[in-house]
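Peer 1: Build me a structure from this.
(one chain, ligands or ions: 1)
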Amino acid sequence: MELGIAIGIDLGTSNSAAAVYRKGKVESIPIDGRKILPSVISYKEDGQILVGSAAKARLFIDPLNSIASSKRYIGDPKKTYQIHNRTLTPIDAASEILNKIKIEASKYLGEEVKEAVITVPAYFTSEQREATRKAGEQAGLKVLRLLPEPTAAAIAYGLDKERNQTIMVYDLGGGTFDVSILKVEGNSFKVVAVDGDSMLGGDDFDDRIVQHLIDKVKIGGQIKNKAQASLDLQRLKEAAEEAKKELSESDITDILIPDIMGVHIDEELTIESLNQMSQPLLNKTIDKINEVVEEAGLTKRDISRVILVGGSTRMRAVQEIVTQQIKKPFIADNVDEIVAHGAAIMAANLCAPDLDTAPVPIEVENAVPHSLGVGLYFNNVYKVKHLIHRNTPVPAIGATLCYTRFPYQKEVELPAYRTESDVPDSKDKLGELILRVTPQKSPVDMVAIFELDENGILILSSAELSPSNPLIGYYDETGEVDEILLQRMIENRQITLERITIDTNK
Ligand code: AMP
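Peer 2: Below you'll find the model as predicted:
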């Protein structure tokens, strides 16, 4: 069998990175000579497609034909981009980035790269995962596995470390914040809780600095036309980001922007004032940390290690607040590359698990990223009853008893929702099962069961409970069904079930 080389790809919102595991170690794959590739695509009029820094430079001179942050929309069927009279999707955008990585990696490695492990946020829905997989395939890559980003970070960090740890991954990138808790036992990595804020990242720190500059020099009134204003704002943002990065190294920096909105800016910015501006944003991350620790059923003392990931964790204030609130974090020299490194280790593992060239075998157990429930009436109020809760390990099973509402009812609709709320919303509806029941005067007892497998396939099944279909002994008076007994009953075919399969990947 011919063994190709498989790489790891961190497909990020602002930047992407790739790595390979070979000769017993992980190395970053340079793309255009750099270790990270801006996740930006720009389509030129002559048909040329630019990806990375060259595209980022065009983002502001040709914004209508350039795409940034497309990862925010991946898996959303409604989102499209109109570029030079063509309609493109976030999958098309992601596939251009992956294609660029594939080409550059093949060049670097001297052979065609055909396979990859691509990382995705732990909270990604099945649609988002499936869209990412499609983007990979569209780029000509066989996607060996979609690996949660925090798991990848923990693999990169943890393989050669002590066994049995509880790791927190604090990932603050350009546009998103994610915090996850993983249990690592031997070579098994299991995500036990994830949370985050998809609207919090390095850009928000830049915006605080921009606002500070606007307030300070009172330049708001000088705006002439919209196009100029947008270019000026962009220059302000770039200068703000530069200043922020500078303050990761030094205590004071100068922001110099000649001739902008009718003035010259020459402002000093100190680390103290940046820290002050950043405080509300940092506090938000700490609130999330506390929530996720609680969700995992742990206390902060149980966390054996904190790993920082994402470009914004280079900010000193981030490192300080994590140290204060939890413990001194592990900071890799390569916060931008660590996720790709973990993916590369996984890729080597999946590609050639038996060869000595592969690292130790890794087992990954995932958790359900979003709760799943069934729509039911409770005292005439329609609600979602959660049957599979967020953060339970997959495969997962959940069940409830339910009843008909009206005398002589012939059928019952049992819709499946993916939501954290108990208020049903049609946008969260995945599908529904219609169960025919025996019409009778008194309420008919039924059971509704959700089974979710590792591939995001949800089986929704239901059965009427009659003397030939008894569930006696499997539930208590509150209607809670004993899951283990129930599962055994299903396996032993003791109850006849109507079922539908919802491919949550579609
Ligand atoms: P990522 O999405 O992980 O690539 O992170 C990108 C974010 O990291 C951007 O908001 C950058 O401004 C920020 N960043 C990169 N380098 C630094 C640095 N040295 N200090 C502070 N922030 C940085």
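Peer 1: what's the domain layout of the protein?
Peer 2: Per automatic domain parsing, the structural domains of the chain span 6-200+278-365, 202-276, 372-500.
Peer 1: So which of those domains is the most surrounded?
Peer 2: Most buried of the domains of the chain, by mean neighbour count (mean count of other CB atoms under 10 Å): domain 6-200+278-365, with a mean of 20. All C-beta spots, glycine's among them, are computed from the backbone N, C-alpha and C.
Peer 1: would JSON lines of the domains of the chain with distance to the ligand and mean pLDDT be doable?
Peer 2: Shown next, in JSON lines, are these (distance: least, CB to the nearest ligand atom, whole Å; pLDDT from 0 to 100):
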{"stretch": "domain 6-200+278-365", "distance to the ligand": "2", "mean pLDDT": "91"}
{"stretch": "domain 202-276", "distance to the ligand": "2", "mean pLDDT": "88"}
{"stretch": "domain 372-500", "distance to the ligand": "24", "mean pLDDT": "81"}
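Peer 1: List the contacts of the nearest residue to Ser180 once chain neighbours are set aside.
Peer 2: Excluding the flanking residues, the one nearest Ser180 by CB to CB, 6 or more residues apart in numbering is Pro150, at 3.6 Å. By CB atoms under 8 Å, 6 or more residues apart in numbering, the contact set of Pro150 is Ala122, Val169, Asp171, Asp178, Ser180, Leu182, Val191, Val194, Val309.
Peer 1: Confirm Pro150 sits in a helix?
Peer 2: Yes. Assessed by DSSP: H, G, I helix; E, B strand; the rest coil, Pro150 belongs to a helix.
Peer 1: Was I right to think Arg58 contacts Ser42?
Peer 2: Yes. With contact defined as CB atoms under 8 Å, Arg58 and Ser42 form a contacting pair (4.0 Å).
Peer 1: which neighbours do the two share?
Peer 2: Joint contacts of Arg58 and Ser42 (CB under 8 Å, 6+ apart) are Leu50, Asn65, Ser66.
Peer 1: Now, the residues you listed that are in helices?
Peer 2: Nothing among the shared contacts of Arg58 and Ser42 maps onto helices, per DSSP state H.
Peer 1: Just the ones of these in strands?
Peer 2: Leu50, Ser66 (DSSP state E).
Peer 1: Format the shared contacts of Arg58 and Ser42 as JSON lines; extra columns: distance to Ile97.
Peer 2: Shown next, in JSON lines, are the shared contacts of Arg58 and Ser42 (distance: CB to CB, whole Å):
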{"residue": "Leu50", "distance to Ile97": "11"}
{"residue": "Asn65", "distance to Ile97": "16"}
{"residue": "Ser66", "distance to Ile97": "13"}
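Peer 1: Going along the chain, name the helices of the stretch 401-506 of the chain.
Peer 2: With DSSP state H, counting those that start in this stretch applied, the stretch 401-506 of the chain shows helices at 483-491, listed in chain order.
Peer 1: Could you find the closest non-adjacent residue to the residue in the stretch 351-500 of the chain that the ligand sits nearest to?
Peer 2: Nearest residue of the stretch 351-500 of the chain to the ligand (CB to the nearest ligand atom) works out as Pro369 at 20.1 Å. With sequence-adjacent residues excluded and distances taken as CB to CB, 6+ apart, Pro369 is closest to Tyr123, at 4.7 Å.
Peer 1: Check Ser14 too.
Peer 2: Of all residues not flanking Ser14 in the chain, Gly174 sits nearest, at 3.1 Å (CB to CB, 6+ apart).
Peer 1: looking at it, the one you found is touching Phe205, isn't it?
Peer 2: No. At 9.9 Å, Gly174 and Phe205 do not qualify as touching, with contact defined as CB under 8 Å.
Peer 1: Now list whatever residues contact both of these two.
Peer 2: Common neighbours of Gly174 and Phe205, using CB under 8 Å, 6+ apart, are Ser312.
Peer 1: just checking, next helix/strand downstream of whichever helix or strand Ala18 is part of?
Peer 2: Here Ala18 is covered by strand 15-22, with elements defined by DSSP states H and E. Downstream of strand 15-22, the next assigned helix or strand under DSSP H and E is strand 25-28.
Peer 1: How far away from the center of its chain is stretch 387-400?
Peer 2: From the chain centre to the centre of stretch 387-400 is a distance of 19 Å (CA atoms, centre = their mean, to the nearest Å).
Peer 1: Can you tell me what sits against that stretch?
Peer 2: 190-194, 295-296, 365-374, 376, 385-386, 420, 447-454, 479-481, 483, 486-487.
Peer 1: again, 7 Å this time
Peer 2: Here stretch 387-400 makes contact (CB atoms under 7 Å, 6 or more residues apart in numbering) with 190, 192-194, 295, 365-374, 385, 420, 447-454, 479, 481, 483, 486-487.
Peer 1: Equivalent analysis for stretch 295-306, please.
Peer 2: Contacts of stretch 295-306 (CB under 7 Å, 6+ apart): 165-168, 170, 181, 192-193, 195, 293, 322, 326-327, 329-330, 391.
Peer 1: With stretch 7-15 instead?
Peer 2: Stretch 7-15 is contacted from outside by 16-20, 29, 36-39, 69, 71-72, 94, 97-98, 101, 105, 113, 116-119, 132, 173-176, 336, 339-344, 346-347, using CB under 7 Å, 6+ apart.
Peer 1: go again using 6 Å as the cut-off
Peer 2: For stretch 7-15, the external contacting residues (CB atoms under 6 Å, 6 or more residues apart in numbering) are 16-20, 36, 38-39, 69, 71, 101, 105, 113, 116-119, 173-176, 339-340, 343-344, 347.
Peer 1: Among these, which lie within strands?
Peer 2: Under the assignment DSSP E, these contribute Ser16, Ala17, Ala18, Ala19, Val20, Pro38, Ala116, Val117, Ile118, Thr119 to strands.
Peer 1: Which residue would you name as the spatial centre of the protein?
Peer 2: Pro121 (1.9 Å; CA atoms, centre = their mean).
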